[in-house]
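Student: The following block contains a protein sequence and its predicted model.
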Amino acid sequence: MIKKSFIVSLVAAIFMSLSISNTPAATDLGLTRDFKSEMIYFAMIDRFSNGNTKNDLGGYKDLRTTSGYDPYDTAFYHGGDIQGLSDKLAYIKSLGFTALWITPVFRNIPVGVDGKSAAYHGYAIAGFDQIDSHLGTIAEFKAFVVKAHSLGLKVVLDIVTNHTADVISYKENYDYIYLSEKPYKTSNSKAFDIVKLAGTSKFPTTSQLSAKITFPKTPVVSKAMANIKSPAWLNDVRLYHNRGKSTFQGESGRFGDFYGFDDIMTESPEVVKGFIDIYSKWISTTGIDGFRIDTARHVNELFWQAFIPSIKAQALASGKKDFPMWGEVYDSSPETLEYWARYGGFTELLDFPVQDRMLKFIISGAANQLATLLNSDDQYSTATVDPRNFGIFLGNHDMGRIGGFIGGNVNSDSALLRDQMAHVLLFTMRGVPIVYYGDEFGLMGDGDKEARQDLFVTLVDRWRKQQRIGGEPIGMGKSSFDTTNPLQQTIRDLTKLHSSSTAFSAGAMKIRIAENGLLVFSRFDLDTGKEYLMTFNSSDAAITGSFDSEYLENKWEKVLGDGTVSASTKSMKFTVPAYGWGVFLSEMVKSSVTPEVRMNKPARNPMFRDRFNLEATISGADVAEVQFQYKDGATWKSLGTDTSPTFKSDLDAAGLYRVFPLISDIKWSTNTEFRAVAYFANRIEAKSETFLFAKP
């Protein structure tokens, strides 16, 4: 059972200590917009643009084993920096993006212990309160944020709390030792349960722990590295798990050293407060607008339950009503994502399951897998979690690029068409679209190092020769910024489309068809009564199809893409060329009857006994936004909103609106009242009858 009392008191204490004295002056320029409407460009700083060659060595000696700089080697620093980012902000803006996510800017230890790779990626952090000298200075970073804001661009900073750079070694070997074999002990050799005590006032303080007694491994730090980390508390080896390297199996994913990095004991209240202080200061002093949180699933839930609300409080004190924090939960299972949404305290996550299913549709035509996956959105939805806020993407710096996934004959039109279609899907589906830098130039590349190409003039020979989707190899002495690619215009068209209507950022979504390489769905703007119909064909032959609906307008306008549509009162016919897509616009039909919402009787969930089911159906309209509520005294409170009816699958009937609240979310009375409130086109509201339901 997760204990919250100590977490609540810790959050309250930290909130009281927040100061706005260092907060940069707030300006609007569209920066107060709802982050659902953001379109994010993700840049790896070291590989994006080199604006100042004087910092290439980071102030270290001109040896790659010291400075980490070797632009010929994909595993070392290449020279990209904050000034380079700042110089190219107008370019990012010209593509239509509204926000920029950047890799960590904090001070790293330049070269790994084995000397075979450098920390160009930014995740081997030693100084959490400092800028890495390879990237620039704190003054340059603040100026960069100000310039981004002047262009209406928000800045999302990548952060880490799971680990630091690899400084600690062990007297013993590095094999992971399980808790059941050697539990943690206090300095007087009394065993304690780190899982049960996490997030409570009973967790041992640092003074009650011993480097020689507490841990299954004996931590060792060289004299040269004894004070390498900052803030200073991070140099205390008693604030680390010290159990050996993670095997990424079972508990080692939580307590083991992540790829050899020093794994921080985030169960300790001292660590919780320390990281809240660190990242609160970055908000108050630089004016950043959000976080992407690395390795979120490798940190205990109670840490996030304290960290997230405290950071949001600091952001609010700094004049930022919305401060999204997209947690990285690297798993294509919706059940894993659901766990961190429900129990981890995350209101925003990176949607790896959607990335996986989008890719399967683009590559192999598995439309049904994507459609049925979206039924899982109902499992995420709560009073505070909305899957429309999840970050969706086609590839990234770890898994690889969409161009690499598509592969095949990169000079053929089909590769370009598939790449374009993938981006159309990204910008029209539910979620906040994130484009990885360089994808607009058709870059290919497998995971990790091979997907982190230079956009400035590269000295890596194989990157010079690498084929590009929609373009030619870059060759010698040429920057990607000196080239053009059809994908750039595709992205400009899509950012313009996405920003033209809230249908794409906040609207309801209904899947019409999902089969054999064909995907058809609608997005709705319920405020204005507009419907956008999207058709996708990931097969190598044209498709003609149709679907029936009582709520179809006869007049449709093509907005983007290829193919045709024609509609009668109750039927829609369409054609989509091979590897083609189309976006069409119409007005939503005004029903001749009053739309209604009917809620089914609440019932305990048969699979998950800690929650219950709330379901509803609608009539007299094609789609609605349905909020489920319960009555707490005289007040109706939300339990979550569903904006997409279920698509028929082996597990789910079609047309259901659902949420699955935790029993513990409710302040139960003898018989608690529940209802559904539906919002239809032009914000027509309807309420279901109420149901009385006793605590299961």
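Tutor: On my side now, so go ahead.
Student: Bridge partners for Asn537, pull those for me.
Tutor: Counting by DSSP bridges, Asn537 forms beta bridges with Leu518.
Student: Next, the contact list for it, please.
Tutor: Residues near Asn537 by CB atoms under 8 Å, 6 or more residues apart in numbering: 517-518, 543, 563, 576-581. Backbone N, C-alpha and C define where each C-beta goes, glycine included.
Student: do Phe258 as well
Tutor: Here Phe258 is in contact with 162-163, 246, 295, 298 (criterion: CB under 8 Å, 6+ apart).
Student: and if you look at Thr295?
Tutor: 160, 162-163, 258, 328.
Student: Which single one of the residues you listed is nearest to Leu416?
Tutor: Glu328 (29.7 Å; CB to CB).
Student: ok, how many other residues are close to the closest one?
Tutor: Neighbour count for Glu328, taken as other CB atoms under 10 Å: 22.
Student: Roughly how far does it sit from Gly244?
Tutor: According to CB to CB, to the nearest Å, Glu328 and Gly244 sit 23 Å apart.
Student: Please apply the same query to Asp650.
Tutor: 42 Å.
Student: For the spatially most central residue of the chain, name its beta-bridge partners.
Tutor: Closest residue to the average C-alpha location of the chain: Leu350 at 2.5 Å, with CA atoms, centre = their mean. When assigned by DSSP bridges, Leu350 has beta-bridge partners Gly391.
Student: Could you chop this structure up by domain?
Tutor: 32-151, 169-263, 506-587, 596-693 (automatic domain parsing).
Student: Off-centre distance for the longest one?
Tutor: In terms of CA atoms, centre = their mean, to the nearest Å, the centre of domain 32-151 is found 20 Å from the chain centre.
Student: sorry, back to before: which one's more surrounded, Asp650 and Gly244?
Tutor: Taking other CB under 10 Å, Asp650 and Gly244 do not tie; Gly244 has more neighbours (21 against 5).
Student: In contact with that one, which residues?
Tutor: Going by CB under 8 Å, 6+ apart, the list of residues near Gly244 reads 170, 173-177, 216-217, 252, 256-257.
Student: Just the ones of these in strands?
Tutor: Tyr170 (DSSP state E).
Student: Name only those of the contacts of Gly244 that count as buried.
Tutor: For those, a neighbour count by 16 or more other CB atoms under 10 Å gives the buried set as 170, 176-177, 216-217, 252, 256-257.
Student: How far away from the center of its chain is stretch 451-470?
Tutor: Distance, stretch centre to chain centre, for stretch 451-470: 26 Å (CA atoms, centre = their mean).
Student: Any stretches of this structure with poor pLDDT?
Tutor: Applying pLDDT under 70 to the chain picks out residues 1-30, 32, 408-411.
Student: shouldn't Glu181 be in contact with Arg243?
Tutor: No. Using CB atoms under 8 Å, Glu181 is not in contact with Arg243, being 9.7 Å away.
Student: got the contact list for Ile125?
Tutor: Neighbouring residues of Ile125 by CB under 8 Å, 6+ apart: 104, 106-108, 160, 164-165.
Student: What is the end-to-end distance of stretch 473-492?
Tutor: Chord length of stretch 473-492, first to last residue, is 23 Å (CA to CA, to the nearest Å).
Student: same question but for stretch 226-245, I mixed them up
Tutor: End-to-end distance of stretch 226-245 (CA to CA): 21 Å.
Student: in it, what's buried?
Tutor: Buried-residue list, stretch 226-245, by 16+ other CB under 10 Å: 228-230, 234-245.
Student: Repeat that for stretch 418-430.
Tutor: 418-430.
Student: now stretch 124-140
Tutor: Residues 124-137, 140 are the ones in stretch 124-140 that count as buried (16+ other CB under 10 Å).
Student: and the residue nearest to Ser664 when sequence neighbours are not counted, how many neighbours?
Tutor: The shortest distance from Ser664 to any residue other than its chain neighbours is 7.1 Å, reached at Asp610 (CB to CB, 6 or more residues apart in numbering). Using other CB under 10 Å, the number of residues around Asp610 comes to 15.
Student: Could you double-check that Asp610 lies in contact with Pro661?
Tutor: No. Applying CB under 8 Å, one finds Asp610 not in contact with Pro661, separated by 9.9 Å.
Student: So which of the buried residues of stretch 124-140 are in helices?
Tutor: Among these, the members found in helices (DSSP state H) are Glu140.
Student: And the buried residues of stretch 124-140, which is closest to Met534?
Tutor: When the buried residues of stretch 124-140 are ranked by distance to Met534 (CB to CB), Leu135 comes first, at 39.6 Å.
Student: What's the separation between the closest one and Phe106?
Tutor: On the measure of CB to CB, Leu135 and Phe106 end up 9 Å apart.
Student: Pro334 too?
Tutor: Taking CB to CB as the measure, Pro334 falls 32 Å from Phe106.
Student: who's more crowded, those two?
Tutor: More crowded of Pro334 and Phe106, by other CB under 10 Å: Phe106, with 25 against 22.
Student: residues contacting the more buried one?
Tutor: For Phe106, the contacting residues are 122, 125, 127-132, 160, by CB under 8 Å, 6+ apart.
Student: Could you give the bridge partners of the residue lying closest to it once chain neighbours are set aside?
Tutor: Closest residue in space to Phe106, ignoring its immediate chain neighbours: Ile125 at 4.7 Å, by CB to CB, 6+ apart. Ile125 has the following beta-bridge partners by DSSP bridges: Asn108.
Student: Okay, Ile125 and Trp304: tell me how far apart.
Tutor: 19 Å.
Student: Tally up the residues packed near the residue nearest to Pro269 when sequence neighbours are not counted, please.
Tutor: Leaving aside its sequence neighbours, Pro269 sits nearest to Phe203 (CB to CB, 6+ apart; 5.8 Å). Neighbourhood size, Phe203 [other CB under 10 Å]: 21.
Student: Quick one: classify Phe203 as helix, strand or coil.
Tutor: Here Phe203 is coil, with the state taken from DSSP: H, G, I helix; E, B strand; the rest coil.
Student: wait, what's in contact with it?
Tutor: Residues in contact with Phe203 (CB under 8 Å, 6+ apart) are 197, 267-269.
Student: the helices in the stretch 401-550 of the chain, which residues?
Tutor: Under the criterion DSSP state H, counting those that start in this stretch, the stretch 401-550 of the chain carries helices at the ranges 402-406, 413-428, 461-465, 486-500.
Student: Enumerate the positions of the third one that are buried.
Tutor: Spelled out, it's helix 461-465. Buried residues in helix 461-465, counted by 16+ other CB under 10 Å: 463-464.
Student: what do you get for the last one?
Tutor: Using 16+ other CB under 10 Å as the test for burial, helix 486-500 gives 486-488, 490-491, 493-495, 497-499.
Student: Great, nothing more from me.
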